[in-house]
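In: Fold the following for me, if possible:
(one chain, ligands or ions: 2)
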Amino acid sequence: MSDELKKGLEGVLVAESELSYIDGDAGRLVYRGYDIEDLARDASYEEVLYLLWHGELPTADELDEFEADMASNRTVDDDVLALVEDLAAADEEPMAALRTAVSALSAHDPDADADPQDTEVNLAKGKRITAKIPTIIAAFTRLRDGDDPVEPREDLDHAANFLYMLNDEEPDDVLAETFDMALVLHADHGLNASTFSSMVTASTLSDLHSALTSAVGTLAGPLHGGANQNVMEMLQEVDESGKEPVRWVKDALDNGERVAGFGHRVYNVKDPRAKILGEKSEELGEAAGDTKWYETSVAIEEYMKEEKGLAPNVDFYSATTYYQMGIPVDIYTPIFAMARAGGWIAHVLEQYEDNRLIRPRARYVGPKDQEFTPLDER
Ligand SMILES: CC(=O)SCCNC(=O)CCNC(=O)[C@H](O)C(C)(C)COP(=O)(O)OP(=O)(O)OC[C@H]1O[C@@H](n2cnc3c(N)ncnc32)[C@H](O)[C@@H]1OP(=O)(O)O
Ligand SMILES: O=C([O-])CC(=O)C(=O)O
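Out: Ligands and ions are numbered 1, 2, ... in the order given. Got it, this is the predicted structure:
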């Protein structure tokens, strides 16, 4: 047994996976052998889900069947909707509301009592959970804004239906395609913290809903998925401050703060997803005749590279992409969860298929020989 301490488990191999390959030096991301650039350009989110869950790209017939099945599972039970309404009324944080609602979905899942390691059951459960998460997020957002939820539609794809439920308006092609691409880009990313937490939960042979509930809670933090919201809030603060973006960032760094959307445990260069989303952000700005957000982002990116040697991660350019699509800032992280559900489920399936309890250890640095003093003598 090695006594070498790897804080944050940096670089530690804990599993074999066929899902995503990341080359942190080349800035390359691959899902099951397919480059992320090709998938972002040519594959829909549903195709990527099929690829992650079934191991290969679907044929046209397989995809039709898969999409129809997903679409037929979008409606959430009235009890869950009532819970979402309560959470919205209590002004719950969107990620906390999503975590609670994902957990509550198990109460109405037809396979709630099934063997947790049954792959077919988990594929069906995973499909139901993934189909329902957008309905939960859209309903929560509308309810807390005083609007009625919008029923899902089965004739729209996963991305377009979400935007439709959010805005009560069918998105145009640019919005629907941009959002679909963002979902593809966020679908999987190796053993990131939220995926790992889902695997830890699954490794105890707990069920899929529990694993995904753990994952949503883990994604919420500002060092992980929560950074996309922080990026946009930072850019808004920069804008309102009237300072030059570089001055603002310099001051923040001088105060010992971290700049959201920069740095990564695996990438030593620019995240390939940030590259694609940056292009989208620029295109959206140009189409709207205002590239302010993109230009501010580029100025910060250049400064961070020069000053700290840090490159943007996926959260840096997803922020302005979503902002320019009119999406409320505080649901950027729930949207990340909506996309990452695909990866979480795929990794949990791998975990169940070759399970061993995940249980590392800590080096004990506390005292070992204390003499116990009874309570009345302390
Ligand atoms: C989808 C995702 O989860 S992508 C990541 C999203 N998170 C963020 O964008 C938050 C900002 N980024 C960070 O906090 C980090 O870069 C992380 C958490 C992503 C990676 O962290 P780690 O691999 O543990 O790196 P660690 O925290 O050890 O940082 C290494 C050094 O870079 C610095 N650093 C890392 N990121 C940043 C940043 N965003 N701003 C300023 N300095 C930073 C650290 O201060 C540290 O410097 P030091 O050695 O002088 O103390
Ligand atoms: O891989 C990570 O550590 C974080 C990340 O980029 C992701 O989860 O997409």
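In: and residue 341, what does it touch?
Out: Residue 341 is in contact with 126, 129, 130, 133, 212, counting by CB atoms under 8 Å, 6 or more residues apart in numbering. Every C-beta, even on glycine, is put in place using the N, C-alpha and C of the backbone.
In: again with residue 224
Out: 192, 193, 194, 218.
In: Format these as TSV; extra columns: distance to ligand 1, secondary structure and pLDDT.
Out: Formatted as TSV, those follow (distance: CB to the nearest ligand atom, whole Å; DSSP: H, G, I helix; E, B strand; the rest coil; pLDDT from 0 to 100):
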residue	distance to ligand 1	secondary structure	pLDDT
192	6	coil	98
193	7	helix	98
194	8	helix	99
218	10	helix	99
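In: got the residues you listed as a markdown table, with distance to residue 103 columns?
Out: Formatted as a markdown table, those follow (distance: CB to CB, whole Å):
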| residue | distance to residue 103 |
| --- | --- |
| 192 | 21 |
| 193 | 19 |
| 194 | 15 |
| 218 | 14 |
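In: Specify which member of those residues is nearest to ligand 2.
Out: residue 192 (3.0 Å; CB to the nearest ligand atom).
In: Quick check: closest non-adjacent residue to the closest one.
Out: residue 224 (6.9 Å; CB to CB, 6 or more residues apart in numbering).
In: quick one: the one you found from ligand 2, how far?
Out: 6 Å (CB to the nearest ligand atom, to the nearest Å).
In: same thing with residue 308?
Out: Taking CB to the nearest ligand atom, one finds residue 308 at 18 Å from ligand 2.
In: contacting residues around the residue of the chain found nearest ligand 1?
Out: Closest residue of the chain to ligand 1, CB to the nearest ligand atom: residue 263 (2.2 Å). Neighbouring residues of residue 263 by CB under 8 Å, 6+ apart: 310, 311, 313.
In: likewise residue 19?
Out: 31, 32, 52, 188, 190, 343, 346, 347, 350.
In: buried sites along stretch 164-175?
Out: Using 16 or more other CB atoms under 10 Å as the test for burial, stretch 164-175 gives 164, 165, 166, 167, 171, 175.
In: Give me the distance between the two termini of it.
Out: 11 Å (CA to CA, to the nearest Å).
In: swap in stretch 320-335?
Out: Rule used - CA to CA; the end-to-end distance of stretch 320-335 is 14 Å.
In: Over to stretch 236-253?
Out: Across stretch 236-253, first to last residue, CA to CA, it's 17 Å.
In: Mark which of the buried residues of stretch 164-175 are part of helices, please.
Out: Members of these lying in helices (criterion: DSSP state H): 164, 165, 166, 167, 175.
In: Let me have these in JSON lines, extended by distance to ligand 1.
Out: Converted to JSON lines, those look like this (distance: CB to the nearest ligand atom, whole Å):
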{"residue": "164", "distance to ligand 1": "26"}
{"residue": "165", "distance to ligand 1": "25"}
{"residue": "166", "distance to ligand 1": "22"}
{"residue": "167", "distance to ligand 1": "25"}
{"residue": "175", "distance to ligand 1": "23"}
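In: Dump these to JSON lines, plus pLDDT.
Out: Supplementary listing: those in JSON lines, determined by pLDDT from 0 to 100:
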{"residue": "164", "pLDDT": "98"}
{"residue": "165", "pLDDT": "98"}
{"residue": "166", "pLDDT": "98"}
{"residue": "167", "pLDDT": "98"}
{"residue": "175", "pLDDT": "98"}
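In: re earlier: determine which two of the buried residues of stretch 164-175 are furthest apart.
Out: 165 and 175 (13.4 Å; CB to CB).
In: ok, so what distance separates the closest residue to residue 328 other than its chain neighbours from residue 51?
Out: For residue 328, ignoring the flanking residues on the chain, the nearest one in space by CB to CB, 6+ apart is residue 141 at 6.2 Å. Distance, residue 141 to residue 51, by CB to CB, to the nearest Å: 29 Å.
In: quick one: the strands in the chain?
Out: For the chain, strands defined by DSSP state E occupy the ranges 20-23, 28-31, 34-35.
In: Could you dump those into a markdown table and include mean pLDDT?
Out: Below are these laid out as a markdown table (pLDDT from 0 to 100):
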| stretch | mean pLDDT |
| --- | --- |
| strand 20-23 | 98 |
| strand 28-31 | 98 |
| strand 34-35 | 98 |
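In: most neighbours per residue, which of those strands?
Out: strand 28-31 (a mean of 21; mean count of other CB atoms under 10 Å).
In: wait, does that strand contact ligand 1?
Out: No: shown here: strand 28-31 not in contact with ligand 1 (CB under 6 Å from any ligand atom), separated by at least 11.9 Å.
In: Ligand 1 contacts on the chain?
Out: 8, 192, 223-225, 227, 258-265, 308, 310, 313-315.
In: Let's see which of those residues end up in helices.
Out: The helices, defined by DSSP H, take in 227, 308, 314, 315 from those.
In: Tell me the residue of the stretch 251-378 of the chain that sits nearest ligand 2?
Out: For the stretch 251-378 of the chain, CB to the nearest ligand atom, closest residue to ligand 2: residue 265, 4.8 Å.
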